[in-house]
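>>> Take this sequence and fold it.
(chains A and B)
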Amino acid sequence: MSVIGARERRVEDRPLLTGAGAFVADLNRPDQLHMRVVRSPLAFGRLLEVDVEDAAVQPGVVAIWTAADLGDLVPIDFRMTRIEGMEPYRQWCLARDYVRYVGDPVAVVFAETAQQAEDAAELVFCDIDEQDPHLDATAEPVAFAPETSPELMSEPAVLQKAVGDVDAAFNGAAHEVAIELRVGRHTGVPLETRGALAVPGEGGGTVTMYGAAKVPHYNRGQIARMLGLPLDAVQLSEGHVGGGFGIRGELYPEDVLVCRAALAFSRPVKWIEDRREHLVAANHSRDQAYRLRAAVDAEGRVLGLDAQFFTDQGAYVRTHGATVSDLSAALLPGPYLIPAYRVRGHVRLTNKTPAGTYRAPGRYESTFARERLMDAIAARLSLDRAEVRQRNLVPESQMPFRRGLDALGTDVVYDSGLFHDLLERLCAHVSWDDLQERLADRRRAGERVGVGLGYFVEKSGLGPDDLVRISVLPEGGIRVVTGAASIGQGIETAMAQICADTLGIGMHGIDVVHGQTALIEKGMGAFATRATVMTGSATKMAADALIDRALDVAATLLQTERESLSYAGGKVHHAASERTLTLSQIAAAWDGGLGAEATFVSDHMTYPYGIHLAQVRVDPATCGVAIERFIVAYDVGRAINPTLVEGQIVGAVAQGIGGALYEEFVYDEAGQPLAASFADYLMPTAQEVPEVETIVREDAPSPINPLGVKGAGEAGINAVGAAIASAVDDALERPGLVQQLPVTPQRLYAWLRE
Amino acid sequence: MKPAAFAYLKPENLAEALRFVADNADDGKLLAGGQSLVPAMNFRLARPETLIDITGLEALQGVEEHADALSIGALTRHATFHKPVSDGALGRLLVKVVGHIAHYPIRQRGTFGGSLSHADPAAEWCLVATTLNATMRLESSGGARDVPASDFFRGSFTTALEPNEILTRITIPKLPDGTGTGFVEFARRKGDFALAMALTALHLEGGAIRSARVGLGGVADRALRMDAIEAALVGQPATPETFATAGQMARDQISPRGDIHGSAEYRRDLAGALLERALAQAAEEARGAAPT
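This is a model prediction of the structure:
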């Protein structure tokens, strides 16, 4: 009986579907205070004074804090991709000296009710000496804080990576193809906004924060460090989480402030972000500009790639450090050989909301850039777009393929892949040549229809390690405790399937506990499409260790040799005496119970890959784009639960369509955000998202983990922008027309008239 | 994102409502469907001191059909028009239009008169009222007056309503038998405010246009009735060439403002293209409706 690979229903859905979900806003404690953040109304300026006098005397107001009240509270540190010299660009919990974006927290109001806090917050007056904002990351850097740190420029880092001899490649090239591209500023917008409820412990000096997500253990350590508390004094607890997508669950100023306030006032403190705040305060993402130059031989093979890009990191460098730029630089070459490659990635600051990672960070953008380049090469050499890709893909014979670069501190080694095979399968599935002919017929009849491709390599399973502890409950049932987190991706189901499969039992009765710092001492959480690979592998190893332990204990209990025992289906069997002990019987009989743990360690990420195909229809009068068909072909190595994999893909496609056609944070010249509500920040709805066809393959299992699994979290979003751009070009028979995402009607209208 | 504090009044009848409105002329606001007002209050862009909830007023509900006109109670919900409220071209046109108003749940709450009183330049009902020459009945404690659409809409979110008045009823003349209508709009997403929209009504005679109504929405500070285009269409053959000419006239006659969703030039061209389509739609329906 194999549970891995089965289309099991999600075990986490019952409470969510029956109204028993407990999101952070659902949680309340007697006597709780409510926190409201006062945010900068201006994009850039010297913060001269924060006048709290009127606000402080409003009904229900208990306290108001500004930076002056925070003492020596340090800025929020980098969780990932720290680069020397970036420290001065970190964000304080409350702005000091300068405000650097509309939404920058300036003060916090604590009041008896949320309404009182919101009313009082309106009366806090920020005296700001407004200065001209810096809004273009491709422009020359300016001073970060001109009066207080004149030497700090708005370019905290430049990443450089290189492999091979790029100059020689250009010397020997038959063609040189150069393009410039931009990806707009957008981000993950979870249904649930951020929030936190910090509850002080009895006797003071300890605090538990509910509303944790994504990386509870890391955040716990940071909150303890920032507040000068021992690690044990801070616990984080994850409840139901309404979406993560990279932005939710990172450590933000508000998390630190609620914990500090709960300790200071010895009362629970609750903060729930509203949607208007969310769109200016939670991490933005994307917003990159690329300049690519390729050396190409006469057959369309890329000999060398010279790349430069600019990441608009917004006002500060937050927890992700240079992660987005690092991943952009490392994975720009994607599935292609490209023997010589050189990249300069400029991490630049502007006066916009700080940016971090959003599902497929650095890949949504770099795939768009790279695949636009492949289309440009196809157009220049009059090659079919699938053919030019076939000629450049890394062949199976070169797997594992060592790129010669690093990403997130690990060597980029594509662990396995049948890149050509997947493209052939997709082309066969859609009858690529016939499809193009049919679309050409429709174009001749007056329609503007076209098809486009985007090929990508994903990455998943970031280490360094994951711990899983499994215990058998004497009353029956199995408990799997992990430091992973659930942001809606189905981790409870996937871990239960792996545990059940390994133990040879059904899923019923397997309880997966995650996101509780009080129940397990370490955990990496859920990000970077890591959980199924890392936590899943640790779960398998722990379940194997549990069987081992069960055999040992049973041998003692049965007073026999371990070698005479066999394990199957949740039972230890002694053939000679025909005696059988279930796991729960063993647990009940043994002092200290029955349990095991395992840590899976990995130095390398695993690299799944896939292709997006989009077919679109453009209305030349409105410049609106309708998606007629969308296919994702993806090799996940091994699907623990194909339904979950497909669900991940389809949901991510919807988000990818948002970035390709609709979503964009636009600013005016003063740095005021113009898309700061759902009336102007346009998320695609069911009306705009087509049925998504998925072709999930298991042709290239990963050789670097015991399950052979690769991640699925970011597969569906990676190449949406690339494929739609290619399809729009094709529909309008204008190769290279689309140079920027999102492809809005306004933008398309302008390109068609250039 | 919760509103600033406000007082709440719920009148029992129209007379009481009119009294409340007069008493709170400076800082009162009517709550009809609340689909625009309440979000604005939550953003604290609107901060009425007093909210006068007229949703329960029976006198303002429902559609009455008269021989030559529809009389629409101001509190009639958008969703009422999902099915034809009368036989004939006008009832069918309202069905065509209503599906473009926001989303289904909003149409269950938002009201016809609320939309007109709000006077969003991109509101579908404002375009209907303007193009079809509706008459608004405005009542106050002192009496009632009838104001034609051409005088009712004064600009973006601005109407002829005095602070002590309530829009109670809207009368739209019926369209003659044999009229074909067209309505086309383009929005970034289904249900969003239109970047531009066109409403047309054509009456044909022997393949030529005998009478025409043409309106454009979302391209100025209020819906526009395009008299000059109407006049130019009369007597012309109902052909794509004629409609293209009308579309070009529209481009020449409007000067929309740009925003983050579309530049002025884009909206101008868009409105012309949508008008062509709306005219073709109306002509096709008129041909189908014409006695053979």
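>>> And the strands in the stretch 201-350 of chain A, which stretches?
Applying DSSP state E, counting those that start in this stretch to the stretch 201-350 of chain A gives strands spanning A:207-210, A:234-237, A:269-272, A:285-296, A:302-312, A:340-348.
>>> Nearest to chain B, out of those strands?
Closest to chain B of the strands of the stretch 201-350 of chain A is strand A:269-272 (Cβ to the nearest Cβ; 10.2 Å). Just so you know, the C-beta spots here come from the backbone N, C-alpha and C atoms, and that holds for glycine as well.
>>> and that closest one, what does it pack onto?
Applying 3 or more Cβ pairs under 8 Å, 6 or more residues apart in numbering or on different chains; DSSP states H and E, one finds that strand A:269-272 contacts strand A:33-39, strand A:195-200, helix A:253-265.
>>> Using PDB, write out every CA atom in that strand.
Taking C-alpha atoms only, strand A:269-272 is exported to PDB below (Å, rounded to 0.1, in the frame of the first residue of the first chain):
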ATOM      1  CA  VAL A 269      -1.500  43.400  23.000                       C
ATOM      2  CA  LYS A 270      -3.200  42.800  19.700                       C
ATOM      3  CA  TRP A 271      -2.500  44.300  16.300                       C
ATOM      4  CA  ILE A 272      -4.400  43.500  13.100                       C
END
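>>> In its sheet, which strands sit next to it, and in what direction?
Sheet pairing of strand A:269-272 (DSSP bridges) gives strand A:33-39 (parallel), strand A:195-200 (antiparallel).
>>> export the first one as CSV, just CAs?
Presented in CSV, the C-alpha positions along strand A:33-39 are these (Å, rounded to 0.1, in the frame of the first residue of the first chain):
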residue,chain,number,x,y,z
LEU,A,33,-4.8,46.4,24.4
HIS,A,34,-5.0,47.2,20.7
MET,A,35,-2.1,48.7,18.8
ARG,A,36,-2.4,51.0,15.9
VAL,A,37,0.5,52.1,13.8
VAL,A,38,0.9,55.8,12.7
ARG,A,39,2.6,55.8,9.3
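>>> Could I get the average pLDDT for the next helix or strand after it?
Sequence-wise, the next helix or strand downstream of strand A:33-39 (DSSP states H and E) is strand A:45-51. The pLDDT scores in strand A:45-51 average 98.
>>> Across the sheet, point out what pairs with the nearest residue to B:Gly207 once chain neighbours are set aside.
Leaving out its chain neighbours, the residue that sits closest to B:Gly207 by Cβ to Cβ, 6 or more residues apart in numbering or on different chains is B:Pro237, at 5.7 Å. Counting by DSSP bridges, B:Pro237 forms beta bridges with B:Ala208.
>>> Hmm, B:Ala208 and B:Pro237 touching each other?
Yes - using Cβ atoms under 8 Å, B:Pro237 is in contact with B:Ala208, at 5.5 Å.
>>> hmm, back to that, may I see the strands paired with strand A:269-272 arranged in a markdown table, with distance to B:Leu90, mean neighbour count and mean pLDDT as well?
Shown next, in a markdown table, are these (distance: least, Cβ to Cβ, whole Å; neighbours: other Cβ atoms under 10 Å in any protein chain shown; pLDDT from 0 to 100):
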| stretch | distance to B:Leu90 | mean neighbour count | mean pLDDT |
| --- | --- | --- | --- |
| strand A:33-39 | 49 | 24 | 98 |
| strand A:195-200 | 50 | 24 | 98 |
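>>> Count residues in the vicinity of A:Leu332, would you?
By other Cβ atoms under 10 Å in any protein chain shown, the residues close to A:Leu332 number 27.
>>> so how many other residues sit close to the closest residue to it other than its chain neighbours?
Nearest residue to A:Leu332 in three dimensions, chain neighbours excluded: A:Ser366, at 4.2 Å (Cβ to Cβ, 6+ apart). For A:Ser366, the count of nearby residues is 32 (other Cβ under 10 Å).
>>> how close does A:Ser366 get to A:Ala162?
16 Å (Cβ to Cβ, to the nearest Å).
>>> B:Thr55 is in what secondary structure piece?
Residue-wise, B:Thr55 maps onto no helix or strand under DSSP H and E.
>>> if I pick it, what's in contact with it?
Contact analysis of B:Thr55 by Cβ atoms under 8 Å, 6 or more residues apart in numbering or on different chains lists B:Leu31, B:Ala32, B:Gly33, B:Leu75.
>>> Just the buried ones from these?
Buried residues within these, counting neighbours by 16 or more other Cβ atoms under 10 Å in any protein chain shown: B:Leu31, B:Ala32, B:Gly33, B:Leu75.
>>> hang on, the first one packs against B:Gly56?
No - the criterion here is Cβ under 8 Å, and B:Leu31 misses it with B:Gly56 at 10.5 Å.
>>> quick revisit: of all the contacts of B:Thr55, which comes closest to chain A?
Chain A lies nearest to B:Gly33 out of the contacts of B:Thr55, by Cβ to the nearest Cβ, at 16.9 Å.
>>> Who are the contact partners of the closest one?
By Cβ under 8 Å, 6+ apart, the contact list for B:Gly33 reads B:Thr55, B:Leu75, B:Arg77, B:His78, B:Arg109, B:Gly110, B:Thr111, B:Gly114, B:Ser115.
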